[in-house]
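In: Predicted model follows, preceded by the sequence.
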Amino acid sequence: MKTSEVLANRLPDVKEIHIVWMTSGLSCDGDSISTTAATLPSIEDVVMGNIPGLPKVHLHNPVLAYEVGGDFMKYWHMAAQGKLDPFVLVLEGSVPNESIKAEGYWAAMGTDPHTGQPITTNEWIDRLAPKALAIVCAGTCATYGGIHAMEGNPTGAMGLADYLGWNWRSKAGLPIVNVPGCPVQPDNMMETLLYLLYQVAGLAPMIPLDEQLRPTWLFGKTVHEGCDRGSYYEQADFAHEYGSPKCLVKVGCWGPVVNCNVTKRGWMDGIGGCPNVGGICIGCTMPGFPDKFMPFMDAPPGASLSTSVVGMWGGVVRKLRAITNRTVNKEPKWHHRGPELTTGYRP
Ligand code: SF4
Ligand code: SF4
Ligand code: SF4
């Protein structure tokens, strides 16, 4: 029996589940927008019940919701009061440090009906995290701080694991699940969310995560290991300007040391993936992003040594392959007309 048939025939432990998706971290909403391009599965398939075995899924995302104002915020208040159970919390955007200033706030969503004051992002996390079955961080801001956590920033921005603690566990015993990327790759996000929905419905084992809390099957390989341009690198054939089809390491590609699968997976529906389509990898999925990859477009520090080493034999290999390529581009000499057979056949 196929996996889909097994799932279709098994009832989930819960009939309905909510996804409460906060974009009120320090965020540009790019991860919500990116996720609308997912196809494996699409958001539509998940919320419309087209996936075998899933409980009914209700999505509450401020960028995608039809409701506005109080009609929308009621789900947040219900979740905080324990009346929206069970739910998976998604955080998009980094967590500012509200403890480092005397007045005002860095980020908030909605107002407290009793005080009329804004409810800060920190406060929402404090209220919702203990009640969530699982928490997923969408994008590098939520996972590791990202752009807003650059050196010199005034907000003390950080990722959720820095805020809640790297050993934090949900009430169901799950660690935070990080899906980095700036923005997050659409199918990476939806595939992880789908896995967790199956897991909290009792239909999948514990999600496998690495030390940075990333799904191992998505972030176990480097950009370089899946890159279309890898053979140019191997033959020491490097681009020195944009627009070239060759390896981009000398114009700033960090792919050899960055964990990301977009060169294998593509971006939308299998198409794209930064170096495959001419863009250098700037390490946007990494905990050290952006500071450790700047200035962008300069060759990475190790690139000149590694390309010199590759260059020693890569150039020779390229020349030898060119000779072989010319040979195999010619037909064998016995393909000819006339009374003589020259194939080497012996009767
Ligand atoms: Fe925007 Fe990138 Fe941050 Fe996502 S990770 S909120 S896309 S800046
Ligand atoms: Fe590796 Fe980047 Fe070159 Fe691709 S373009 S082969 S990822 S260095
Ligand atoms: Fe980010 Fe590099 Fe992956 Fe592109 S290839 S998404 S820049 S980590």
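Out: Yep, it's here. Ligands and ions are numbered 1, 2, ... in the order given.

In: Can you report how many residues lie near the nearest residue to residue 27 once chain neighbours are set aside?
Out: Of all residues beyond its chain neighbours, the one nearest residue 27 is residue 93 (2.6 Å), with distances taken as Cβ to Cβ, 6 or more residues apart in numbering. Glycine gets a C-beta too; all of them are placed from N, C-alpha and C. Using other Cβ atoms under 10 Å, the number of residues around residue 93 comes to 26.

In: Surely residue 93 is in contact with residue 30?
Out: No. No contact is recorded between residue 93 and residue 30 when judged using Cβ atoms under 8 Å, the distance being 9.5 Å.

In: Can you check which residues contact both of these two?
Out: Residues touching both residue 93 and residue 30 by Cβ atoms under 8 Å, 6 or more residues apart in numbering: residue 139.

In: quick one on the thing from earlier: what's the spacing between the residue nearest to residue 27 and residue 146?
Out: With the distance defined as Cβ to Cβ, to the nearest Å, residue 93 ends up 8 Å from residue 146.

In: Kindly report the same for residue 204.
Out: In this structure, residue 204 and residue 146 are 28 Å apart, going by Cβ to Cβ.

In: Model confidence score at the residue nearest to residue 27, please.
Out: Taken from the predicted model, the pLDDT recorded for residue 93 is 98.

In: Ok, residue 289 next?
Out: If you check residue 289, the pLDDT there is 97.

In: residues touching it, list them.
Out: Each residue near residue 289 by Cβ under 8 Å, 6+ apart is listed here: 140, 144, 146, 182, 282-283.

In: and ligand 1, which of those contact it?
Out: By Cβ under 6 Å from any ligand atom, the members of the contacts of residue 289 lying near ligand 1 are 140, 146, 182.

In: For the stretch 1-150 of the chain, which segments count as helices?
Out: Assigned by DSSP state H, counting those that start in this stretch, the stretch 1-150 of the chain shows helices spanning 3-9, 30-35, 43-47, 69-80, 121-128, 140-144.

In: Most tightly packed of the ones you listed?
Out: Among those, helix 140-144 has the highest mean neighbour count (mean count of other Cβ atoms under 10 Å), at a mean of 30.

In: Give me the distance between the spatially closest residue to residue 256 that is not a sequence neighbour and residue 217.
Out: Distances taken as Cβ to Cβ, 6+ apart place residue 224 nearest to residue 256, at 4.0 Å, with adjacent residues excluded. Relative to residue 217, residue 224 is positioned 18 Å away (criterion: Cβ to Cβ).

In: Which one's more surrounded, these two?
Out: Higher neighbour count among residue 224 and residue 217: residue 224, with 21 against 14, using other Cβ under 10 Å.

In: which residues sit in contact with that one?
Out: Listed by Cβ under 8 Å, 6+ apart, the contact partners of residue 224 are 230, 233, 255-258, 263.

In: any idea of the pLDDT on it?
Out: Value listed for residue 224 in the pLDDT field: 96.

In: before we move on, what about the one 4 residues further on?
Out: Model confidence at residue 228, given as pLDDT, is 95.

In: what residues are up against the closest residue to residue 25 other than its chain neighbours?
Out: Leaving aside its sequence neighbours, residue 25 sits nearest to residue 93 (Cβ to Cβ, 6+ apart; 2.5 Å). With contact set as Cβ under 8 Å, 6+ apart, residue 93 has these partners: 22-28, 107, 121, 139, 141-142, 148.

In: Equivalent analysis for residue 234, please.
Out: Shown in contact with residue 234 (Cβ under 8 Å, 6+ apart): 310, 314, 317.

In: Could you give me the PyMOL selection string for whichever of those are buried?
Out: The PyMOL selection below is limited to those of the contacts of residue 234 classed as buried (16 or more other Cβ atoms under 10 Å):
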select buried, resi 310+314
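
In: From the contacts of residue 234, which land in helices?
Out: Secondary structure assignment (DSSP state H) places 310, 314, 317 from the contacts of residue 234 within helices.

In: wouldn't the first one be in contact with residue 232 here?
Out: Just to be clear, that refers to residue 310. No. At 10.4 Å, residue 310 does not count as touching residue 232 under the criterion of Cβ under 8 Å.
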